[in-house]
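1. I need the structure of the sequence given here:
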Amino acid sequence: MEVEQAVENENKSSAGEVCVVCDARKEDGIHLYTSFVCTECEQEMVQTQTFDPKYQFFIKKLKRVNTPPLYS
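-> Okay, here's the model as predicted:
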């Protein structure tokens with residue numbers, strides 16, 4: 001019985017995907033190739049002006065989309 005509850009809790013905490021921008025685990029968002037961008041980051045990126053310092057932050061984070069992860 002306790003094992004079943006532990007498995008259920010583990011599954012609930014691991015739900016969603018990790019956002020490539022904020023590195024948080026979220027349920028809702030979009031996929032860019034093999035990467036995930038949460039809805040909050042997507043909205044913030046769309047509303048950010050090019051002269052805003054956050055724009056460069058988003059560019060830096062989105063460069064990870066084109067770089068495949070290295071597996072050793």
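
2. Make sure residue 44 is actually in contact with residue 54.
-> Yes. Using C-beta atoms under 8 Å, residue 44 makes contact with residue 54 at a distance of 7.4 Å. In short, each C-beta sits where N, CA and C put it, glycine included.

3. mind listing the strands for this structure?
-> Using DSSP state E, the strands of the chain run over residues 17-18, 25-26, 29-32, 35-38.

4. okay, those, which one's buried deepest?
-> Scoring the strands of the chain by mean neighbour count under mean count of other C-beta atoms under 10 Å gives strand 35-38 as the most buried, with a mean of 21.

5. Tell me which stretches of the protein form helices.
-> Secondary structure of the chain by DSSP state H: the helices cover 2-13, 39-47, 53-66.

6. Buried residues in the last one, which are they?
-> Of all the residues in helix 53-66, those buried under the rule 16 or more other C-beta atoms under 10 Å are 58, 61, 62, 65.
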